[in-house]
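>>> fold the stuff below for me.
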Amino acid sequence: MRRSLWLIPMVLIWGAWNPFLRQVPEVRRANDFLRGKDYKTAEEAYKAALESRASEPKLKHNLGLTFLGQNNYTAAEGEFIVATSSDSEMVRARGNFFLGITRFHMAETLQQPEEKIRKYKEAADNFRRVLELEPDEEEARHNLEMTLERIEDVEKEQEEQKKQQEQKEKQQQDQKDQKDQKDQQDQQNKDQQDQQNKDQQNKDQQNKDQQNKDQQNKDQQNKDQQNKDQQNKDQQNKDQQNQDQQNKDQQNQDQQNKDQQNQDQQNQDQPQPQQGKPQSPEVKAARRALDDLKERQKQRILEMHRKGGQGRRAPIKDW
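Take a look at the predicted model:
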């Protein structure tokens, strides 16, 4: 609030600086507008007066006051810079004074700490120049001290912001490190779980393969046992067939022996022809009938041996 008190008293004071300017009607009229705080009308009046007086530093100074009254700090800064180039120490002192006030206000509107400090330092330089020209100017000394305090405040704020920023960055980095660590741990857990799942799958597959193998072995054993049982059964059937064949052959042999015995008995029972006695036609006919009977019996026995002897390696012995 102290800043707002600088402007109005100084505007009222410096409106009556130069008696020469007051003797000029258009300048006196502009000064009246300035004292009445009609800054826009005063601005137009000073601009009209400057048309015939070029870059008169005192008029530029007064025009700067009108811009300062309208908070147009950029335009005011330009006018006060011209006033500081005056040959008059008084005009230079007043120009630096209000230039310092203008730059102080400009610094207050800036956002970046570096820009604020730079503009405050420019304002402090203007107040120092005032004190160099007018060492007893207490208002300039007060403004210089206040400006330096503001520089310290901004630097402290800047340092605090820097610390906060560093702390924030550190917290963010810590959070990032924690997140990275957590992500890494999660990934390790995931990899471990994946490996466990993979091992379990491999184990399950091995068990399944072993079960399949065992089942295959069991199936093969069953198949082998079945083949073995079938072979045994086939062998038994074959043995039974051989036994049956042997029994049948034995029966045939027994029958042949029996038939032979019967034949021999018949031959023995038949009366022997007497030698030297001629046989009658009836005897010869009986002999031929008997021989035919023997031949038919022989053929019948041979036929029985052929039917019963199929598959035998040795041929049937003939009579």
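
>>> and the next element down the chain from whatever helix or strand residue 156 lives in?
Following DSSP states H and E, one finds residue 156 within helix 138-269. Sequence-wise, the next helix or strand downstream of helix 138-269 (DSSP H and E) is helix 281-308.

>>> just the angle for that next one relative to helix 138-269, thanks.
Helix 281-308 and helix 138-269 are oriented at 170 degrees to each other (axes from the mean of the first three to the mean of the last three C-alpha atoms, to 10 degrees).

>>> ok so, going back, who are the packing partners of the helix holding residue 156?
helix 2-14, helix 89-109, helix 113-133, helix 281-308 (3 or more C-beta pairs under 8 Å, 6 or more residues apart in numbering; DSSP states H and E). Every residue, glycine included, has its C-beta placed from N, CA and C.

>>> tell me which residue is most central in this protein.
In the chain, the C-alpha nearest the mean C-alpha coordinate belongs to residue 187, at 11.0 Å (C-alpha atoms, centre = their mean).

>>> any idea how far that residue is from residue 180?
Relative to residue 180, residue 187 is positioned 10 Å away (criterion: C-beta to C-beta, to the nearest Å).

>>> residues making contact with stretch 196-213?
Counting contacts by C-beta atoms under 8 Å, 6 or more residues apart in numbering, no residue outside stretch 196-213 touches it.

>>> so who does residue 43 touch?
Under the criterion of C-beta under 8 Å, 6+ apart, the neighbours of residue 43 are 63, 66-67, 70.

>>> so can I have JSON lines of those residues showing neighbour count, distance to residue 205 and pLDDT?
Output for these, formatted as JSON lines (neighbours: other C-beta atoms under 10 Å; distance: C-beta to C-beta, whole Å; pLDDT from 0 to 100):
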{"residue": "63", "neighbour count": "28", "distance to residue 205": "95", "pLDDT": "94"}
{"residue": "66", "neighbour count": "27", "distance to residue 205": "94", "pLDDT": "95"}
{"residue": "67", "neighbour count": "22", "distance to residue 205": "89", "pLDDT": "96"}
{"residue": "70", "neighbour count": "14", "distance to residue 205": "88", "pLDDT": "94"}
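
>>> ok, so of these, who is nearest residue 123?
Nearest to residue 123 among these: residue 67, at 16.2 Å, using C-beta to C-beta.

>>> correct me if wrong: that closest one contacts residue 79.
Yes. Using C-beta atoms under 8 Å, residue 67 is in contact with residue 79, at 6.3 Å.

>>> restricting to C-alpha, output stretch 172-179 in CSV.
Output in CSV follows, covering the C-alpha atoms of stretch 172-179 (Å, rounded to 0.1, in the frame of the first residue of the first chain):
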residue,chain,number,x,y,z
GLN,A,172,8.5,-37.6,-7.7
GLN,A,173,11.8,-39.4,-8.1
ASP,A,174,11.3,-41.3,-4.9
GLN,A,175,7.8,-42.2,-6.1
LYS,A,176,9.2,-43.2,-9.5
ASP,A,177,11.9,-45.2,-7.8
GLN,A,178,9.3,-46.9,-5.6
LYS,A,179,7.1,-47.5,-8.5
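
>>> I'd like the numbering to begin with 24 instead of 1 from here.
Okay, residue one is now 24; in that scheme the one you just asked about reads as stretch 195-202.

>>> dump the contacts of residue 66 into TSV; add secondary structure as well.
Converted to TSV, the contacts of residue 66 look like this (DSSP: H, G, I helix; E, B strand; the rest coil):
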residue	secondary structure
86	helix
89	helix
90	helix
93	coil
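
>>> grab the nearest non-local neighbour of residue 153.
Excluding its sequence neighbours, the residue lying closest to residue 153 (C-beta to C-beta, 6 or more residues apart in numbering) is residue 163, at 3.9 Å.

>>> tell me the spacing between that neighbour and residue 132.
22 Å.

>>> ok, those two, which is more surrounded?
A direct count of neighbours by other C-beta atoms under 10 Å for residue 163 and residue 132 places residue 163 higher, at 25 against 11.

>>> correct me if wrong: residue 79 contacts residue 73.
Yes. Counting by C-beta under 8 Å, residue 73 is a contact partner of residue 79 at 6.6 Å.

>>> out of the contacts of residue 66, the closest to residue 144 would be?
Checking the contacts of residue 66 one by one against residue 144 (C-beta to C-beta), the nearest turns out to be residue 90, at 22.1 Å.

>>> got the contact list for the closest residue to the closest one other than its chain neighbours?
Nearest non-adjacent residue to residue 90, counting by C-beta to C-beta, 6+ apart: residue 99, 3.7 Å away. Residue 99 makes contacts with 87-88, 90-91, 121, 125, as judged by C-beta under 8 Å, 6+ apart.

>>> dump these into a markdown table; add distance to residue 154 as well.
As requested, the contacts of residue 99 are exported to a markdown table (distance: C-beta to C-beta, whole Å):
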| residue | distance to residue 154 |
| --- | --- |
| 87 | 20 |
| 88 | 21 |
| 90 | 24 |
| 91 | 21 |
| 121 | 15 |
| 125 | 18 |
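
>>> so which of those residues is surrounded by the most neighbours?
Those, ranked by neighbours (other C-beta under 10 Å): first place residue 125, 30 neighbours.
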